[in-house]
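Chemist: just to be clear, the model below is a prediction. Sequence and coordinates:
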Protein chains: 2
Amino acid sequence: IYHRKPARIVREEWSKFSQFPPASTALDFAEGKEVTVRGFLSAKRVKGAKLVFADIQIDNGPVVQIRSSWREENTPQHLATKALREVRLHSPVSVTGIVEKLYRHEASDKPSQASLSTTGFPEDVSRIDLELGTIQPLNDFPPNIIVSKGVQFPPTARHLQLRFSDALRPRLLARPKIGLALRNALDKLGFTEVETPVLFKSTPEGAREFIVPTRRPGLAYALPQSPQQYKQILMASGIRGYYQFARCFRDEDLRADRQPEFTQLDLEMGFATGEDVMKAVESLVAGIPDALNAQFTLVENDDGEFYPVSKVGVRPGQPQHQWPSLSTPFVRMTYEEAMTRFGVDKPDLRIPFEIRRVDQVLPAEFVGKITGNLKTPPIVEAFRFRPDWSKADYKSIAKFIDEFMDNLPASLSQNPDGLPAPIIYYPQKPLGGLSSLGFEGAENLTSGAPGLEDFVDLESGDVLFFQVRENKPFEGGSTALGRLRTLFYNEAISRGFLPRNNNEFKFLWVTDFPMFTPDNVDDPGQGGQAGFSATHHPFTAPLTPKDADLLVTDPLRARGDHYDLVVNGVELGGGSRRIHLASMQEYVLKGILRMTNEGVTQFAHLIDALRAGCPPHAGFALGFDRLVAVFTGTESIRDVIAFPKSMKGEDLTVRSPGRITDEQLETYHLALREAKK
Amino acid sequence: IYHRKPARIVREEWSKFSQFPPASTALDFAEGKEVTVRGFLSAKRVKGAKLVFADIQIDNGPVVQIRSSWREENTPQHLATKALREVRLHSPVSVTGIVEKLYRHEASDKPSQASLSTTGFPEDVSRIDLELGTIQPLNDFPPNIIVSKGVQFPPTARHLQLRFSDALRPRLLARPKIGLALRNALDKLGFTEVETPVLFKSTPEGAREFIVPTRRPGLAYALPQSPQQYKQILMASGIRGYYQFARCFRDEDLRADRQPEFTQLDLEMGFATGEDVMKAVESLVAGIPDALNAQFTLVENDDGEFYPVSKVGVRPGQPQHQWPSLSTPFVRMTYEEAMTRFGVDKPDLRIPFEIRRVDQVLPAEFVGKITGNLKTPPIVEAFRFRPDWSKADYKSIAKFIDEFMDNLPASLSQNPDGLPAPIIYYPQKPLGGLSSLGFEGAENLTSGAPGLEDFVDLESGDVLFFQVRENKPFEGGSTALGRLRTLFYNEAISRGFLPRNNNEFKFLWVTDFPMFTPDNVDDPGQGGQAGFSATHHPFTAPLTPKDADLLVTDPLRARGDHYDLVVNGVELGGGSRRIHLASMQEYVLKGILRMTNEGVTQFAHLIDALRAGCPPHAGFALGFDRLVAVFTGTESIRDVIAFPKSMKGEDLTVRSPGRITDEQLETYHLALREAKK
């Protein structure tokens, strides 16, 4: 593929591009002084034959503007201007010139930057105007790379996307600022960072693990799905507060917003209850807006995309937002309540109106129509949706609803329990469009009876969605109507029927989850024979002594001391109080989950550690990629990961994974298996 | 193995140990107030039937001392005292009592701790005296675990070692403080933390990589030995300063102080030269003593072991040291100079006296005696060693030397070039013991001639070591005499002939390494056909334009712009300026190392990135485990890693690696290979 250049050319290029003058340091910058700066030539403005302006782009540094002009031919000024005109845009350059003007920050906006820095600029300077002396390119920028506003490069050229994307690059620059603010807060709270092994072992718990073969035949490490077991051993080791930004791994089918490797802020507190942990996590999360506001502004580009920009880099006229402060304590809600009011265990509290049970006011005929295969009388639930009137009329809403219904995901459009039924309120129609509910049904629904307050004062174009579900206790993460409601809200925003809401953050805790969930085919389970598995993991403590009693009598009714942190419909993380007694842990693994002796032995290290006088403890794991995504205005964690994997688990930039070589197979005593016929 | 307890007992234990009162928070602590604290019961002092003192141990928190006394039987005081006496030492407990006295820090010693903290104590309080109200154990501490001073637990019980070791635990608590200080300094310098993938791919560079099979037949990720290629892509992406505390992996035979996974502080600077990087690294490292001194004291236990202790936790009378400040710039030395003066490329500058060439003054007869198979006249080198006279006399030194010589490692005792020859100076003997050098030889050696100044004024018991080596340019990391000198120095310290030196830090840079090193059998090489490989990696830039010319004419003579950071004989890290031009990178891989086209294609992502106008860049990787070991007074990185792997790569605590299951093999389309007969 590559046509190697002859040695002579290689040497010439090397001597041309690799020798350059030392860059000036912070102390050298003063008006009238000659300085040397290095950066990318990011803009050129030719103002005629004799005057050129240009910008030098410098990460985490000031804006440098250079001016080059000449009067007489063949003067140094003439040659410099000519040289500047010849350097291709986006090339790395070294520029020497005289400081014409230094612009200083207002003290309040001063980013924290030391005098000796990678950029070598005085910390309070936001812009430098230079009169060009000489310019030297430090590499060629190839003419076949076309850079334009909003350009998308292929995933194989992530380096170009990272360099030239409006939003990707500033998100990557903001990410570590959030991380560092969290670390400093954790340190102040008395937490100790402990790094735990990535080369762990397979244990019968949770989703699929990657394995790492060793040179000892038949033995392998496994990559951890989380440092759960190690952190519990640390609690038994007497570490009172542990944290780690831990890389975690899951070999599972990749959904839209999952990655085979991801980063979680993992923490655990000894001598603590779930209450103690929730309080600590709230204080950590609530500190993030301040940390961001100190250095960044949330801007919005022409496409309505939000992203953070260093205060120095804001373009005039760009809409700017602050991150709102978060008030603590966060809202709390049990799993039961979240499922009832929102139909999901991670509700988006930005969505107006809630799900209401309405079968008590509906005629049997209507219910019958929207009911599928259910034998017993179902529950019917509904919610109301109100579009942004300035952007919607009846016709456009009706069209939107039709398209939405035509494109429902299979879990909704092929739901054997019944399909969702949308109704648009429109006063010009009989019964305002609600005629399918019958006169009495429509009347009762909109009467404002307790629990139905959402349905009074309907306005033209309001949409109601009805959905049946089986009358039985909640199970899993969502109901059909809960999923529909979230989907519809997001679709309405992307179609412009509601405003974007990227700098509103509605945090809440969802608590009191069932300890166990019946097994289903999709889930690998935990290897027990009980027919159900731990909802989160088998180390979660029962919520109350009553739940501990239920473990013995009716485990599926026992609630665990588990809590999920949710923001805007996204599960940011989860945690629990853990079982800290060896006797209870053994009982859960063996007596309840009915693991084999061999399975339980895989946890011997943990049980041994608990037995050694382990204090009560509780912890949490925060999805750091997702947290950064939420606070930097994107819905995809791919936008906050420098080198994300594709849906097939490929890194298209470096082209991983690669083919296993025979030598590697031999080293690890492995052979490829014949493909199944 | 485990005898599961009956459900009744499990429930009883759970209700006994899992319900306890909320802990007090910082604002609750005032003299005379009732508070609840949780911690380990770490000491009990029974002062008679009616008075007991006890300590509660709290990580990163104050010392809590409780007093329990009673006058009349069956009063609450009596019952509390009885209960305290019954709780087994080292149990986790919840204690409620009245604050008798709060001791406050002097302002200057105040550790940074917020009011809401995992410990929940006021930040300026160093000790709390409580009058016991009630005490509740939170778990059993088993009677069969014997805790005594200096106790060593088996590696399977790392949790006990972490809990009870004098030195291990404080080193683990100090480690993140060093990490956080470095992070904050990097942030101030304008560096951006970027996390790069752990699921990378195999490339023909450096030592062995672990592979991670995927569910796509025949494809695997590889775990990175360092993020080298990703960080160079980041430079092409325009990130100006990158850093990361990166977990790195090497599947190699584990030497004493190597781990299959380790942490390196990885950094890279765009638009930078090696000089810029060395300056930044110096400022980072030089900041560590201040960060440590702010929170810790280096103490010495009875065994002469050094370790850091939080200022709150220093026991009276324990010898205390400060970390000395490090002056910058660090000493610099070329590879050639280090090998000449010290016989190693990572010299320990704490060792007195240097290696001197002495063959010019020695009689041929003596040289002949110590020369092995060498055909051409060898170089003879020698160094002087002076023991601590207060602890040594001639006899003990002579015995020490004999034992030392009897236990030389094979590389010295079976060196075909010749064996080391020690001579003890002892005035009572003929020619002071130097008679084997002959009268003239002894005279000349001790004459003080230029280059031989070390050998004048010899004192009784001084030791001289002589060693020949082949007369040819240096290659590799050390000469026989260099290794011997380091070994002898450390052995002398461990025998008490020299004082320990654990809080002296002699930093230096070693620079100007040869770019390429001839291949040898032990090294996996880089897959090229040239017969030599890149000394560090094939991305290192030539040092000067002259070296770039040598690439074409005589590559083995070309020096690379590589620099190693060395302290006290330990290589802390290394870095280099990189090749930033695609043409030069292709030339090195293909034209010089003579890799196959397939091999070069493995680097296509990197070459593409360089071709896209990549700026000049240089970087560094600092072995963080080793850095922490050096600053916390230990020579082994195992002492600063929570869960280190054994020499066989096992984690004996969790018992990893584990056996690969058939299901896993099937998932990854693999089979075990039959063992070779």
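Modeler: Cool, got the structure. Residues are numbered from 1 along each chain as shown, chains lettered A, B, ... in the order given.
Chemist: A:V588: what's it in contact with?
Modeler: Counting by C-beta atoms under 8 Å, 6 or more residues apart in numbering or on different chains, A:V588 touches A:A534, A:P538, A:L551, A:I579. For every residue, glycine as well, the C-beta is placed using N, CA and C.
Chemist: ugh, wrong one, I meant A:A291
Modeler: A:A291 touches A:K177, A:I178, A:A181, counting by C-beta under 8 Å, 6+ apart.
Chemist: name the nearest residue to the first one, ignoring sequence neighbours.
Modeler: Nearest in space to A:K177, with sequence neighbours left out and distances taken as C-beta to C-beta, 6 or more residues apart in numbering or on different chains, is A:Q295 at 6.0 Å.
Chemist: next, count neighbours for that neighbour.
Modeler: Counted with other C-beta atoms under 10 Å in any protein chain shown, the neighbours of A:Q295 add up to 20.
Chemist: gap between it and A:L173?
Modeler: 10 Å (C-beta to C-beta, to the nearest Å).
Chemist: which neighbours do the two have in common?
Modeler: A:S310.
Chemist: got the domain ranges for chain A?
Modeler: Listed by automatic domain parsing, the domain ranges of chain A are A:22-144, A:171-324+A:509-640, A:351-500.
Chemist: could you save these as TSV and add columns showing mean pLDDT?
Modeler: Output for these, formatted as TSV (pLDDT from 0 to 100):
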stretch	mean pLDDT
domain A:22-144	88
domain A:171-324+A:509-640	91
domain A:351-500	92
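Chemist: so of those, which one's packed in deepest?
Modeler: domain A:171-324+A:509-640 (a mean of 21; mean count of other C-beta atoms under 10 Å in any protein chain shown).
Chemist: and the end-to-end length of it?
Modeler: 6 Å (C-alpha to C-alpha, to the nearest Å).
Chemist: can you check stretch A:535-542 too?
Modeler: Termini of stretch A:535-542 sit 12 Å apart (C-alpha to C-alpha).
Chemist: does it come close to chain B?
Modeler: Yes. For stretch A:535-542, a contact with chain B is found by C-beta under 8 Å from any C-beta of the partner chain, at A:A541, A:P542.
Chemist: re the thing from before, and the residue nearest to A:K177, how far from A:H105?
Modeler: Distance from A:Q295 to A:H105, by C-beta to C-beta: 12 Å.
Chemist: ok, now A:I397?
Modeler: From A:I397 to A:H105 the distance is 49 Å (C-beta to C-beta).
Chemist: quick revisit: for the contacts of A:A291, give me TSV that also has secondary structure.
Modeler: Below are the contacts of A:A291 laid out as TSV (DSSP: H, G, I helix; E, B strand; the rest coil):
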residue	secondary structure
A:K177	helix
A:I178	helix
A:A181	helix
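Chemist: before we move on, the earlier item: of the domains of chain A, which is nearest B:A280?
Modeler: Among the domains of chain A, domain A:22-144 comes nearest to B:A280, with 6.8 Å by C-beta to C-beta.
Chemist: can you list contacts of stretch A:597-607?
Modeler: So stretch A:597-607 is contacted by A:201-204, A:229, A:232-233, A:527-528, A:539, A:582, A:585-586, A:589-590, B:1-2, B:156, B:653-655, B:658 (C-beta under 8 Å, 6+ apart).
Chemist: rerun that using 7 Å as the cut-off
Modeler: A:203-204, A:229, A:232-233, A:527, A:582, A:585-586, A:589-590, B:1-2, B:653-655 (C-beta atoms under 7 Å, 6 or more residues apart in numbering or on different chains).
Chemist: mind giving me the packing neighbours of the helix or strand hosting A:V309?
Modeler: Taking DSSP states H and E as the criterion, A:V309 maps to strand A:306-310. Packing contacts for strand A:306-310, counted by 3 or more C-beta pairs under 7 Å, 6 or more residues apart in numbering or on different chains; DSSP states H and E, involve helix A:168-188, strand A:296-300.
Chemist: so where do the strands sit in the stretch 351-500 of chain A?
Modeler: For the stretch 351-500 of chain A, the strands defined by DSSP state E, counting those that start in this stretch occupy A:356-357, A:379-385, A:421-424, A:463-469.
Chemist: could those go into TSV alongside distance to B:L186?
Modeler: Shown next, in TSV, are these (distance: least, C-beta to C-beta, whole Å):
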stretch	distance to B:L186
strand A:356-357	53
strand A:379-385	48
strand A:421-424	54
strand A:463-469	51
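Chemist: those: which one's closest to B:R67?
Modeler: That would be strand A:356-357 among these, by C-beta to C-beta, at 59.7 Å.
Chemist: and that closest one, which strands flank it?
Modeler: strand A:379-385 (antiparallel) (DSSP bridges).
Chemist: ok, A:D266 touching A:K231?
Modeler: Yes. Assessed by C-beta atoms under 7 Å, A:D266 is found in contact with A:K231 at 6.5 Å.
Chemist: and A:R559, its phi and psi?
Modeler: Per-residue torsions, A:R559: phi -100, psi 150 (degrees, to the nearest 10).
Chemist: that one against A:F516, yeah?
Modeler: No. Contact criterion C-beta under 7 Å: A:R559 and A:F516 do not qualify, at 10.0 Å.
Chemist: and the helices in the stretch 501-650 of chain A?
Modeler: A:545-553, A:582-586, A:597-601, A:604-611, A:624-631 (DSSP state H, counting those that start in this stretch).
Chemist: most distant residue from the centre of chain A?
Modeler: No residue in chain A sits farther from the centre than A:E72, which is 57.4 Å out by C-alpha atoms, centre = their mean.
Chemist: mind checking the SS state of the residue lying closest to that residue once chain neighbours are set aside?
Modeler: Nearest non-adjacent residue to A:E72, counting by C-beta to C-beta, 6+ apart: A:H78, 6.7 Å away. At A:H78 the chain is in helix, as set by three-state DSSP.
Chemist: again, but for A:D59
Modeler: coil.
Chemist: distance of it from B:P416?
Modeler: 55 Å.
Chemist: kindly report the same for A:D554.
Modeler: On the measure of C-beta to C-beta, A:D554 and B:P416 end up 78 Å apart.
Chemist: quick one: distance of stretch A:461-473 to the chain centre.
Modeler: Counting by C-alpha atoms, centre = their mean, to the nearest Å, stretch A:461-473 is centred 30 Å from the centre of its parent chain.
Chemist: I meant to write stretch A:227-247 there.
Modeler: 24 Å.
Chemist: give the contact list for A:F455.
Modeler: A:F455 neighbours (C-beta under 7 Å, 6+ apart): A:R384, A:L445, A:T446.
Chemist: what residues are up against the last one?
Modeler: The one in question is A:T446. A:F455, A:V456, A:L458.
Chemist: now do 6 Å
Modeler: A:F455, A:V456 (C-beta atoms under 6 Å, 6 or more residues apart in numbering or on different chains).
Chemist: kindly report the same for the first one.
Modeler: Contact partners of A:R384, counting by C-beta under 6 Å, 6+ apart, are A:F353, A:D454, A:D462, A:L464.
Chemist: picking up where we left off before, now render the helices and strands packed on strand A:306-310 as a markdown table, adding distance to B:D187.
Modeler: Listed next are the helices and strands packed on strand A:306-310 as a markdown table, based on distance: least, C-beta to C-beta, whole Å:
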| stretch | distance to B:D187 |
| --- | --- |
| helix A:168-188 | 6 |
| strand A:296-300 | 14 |
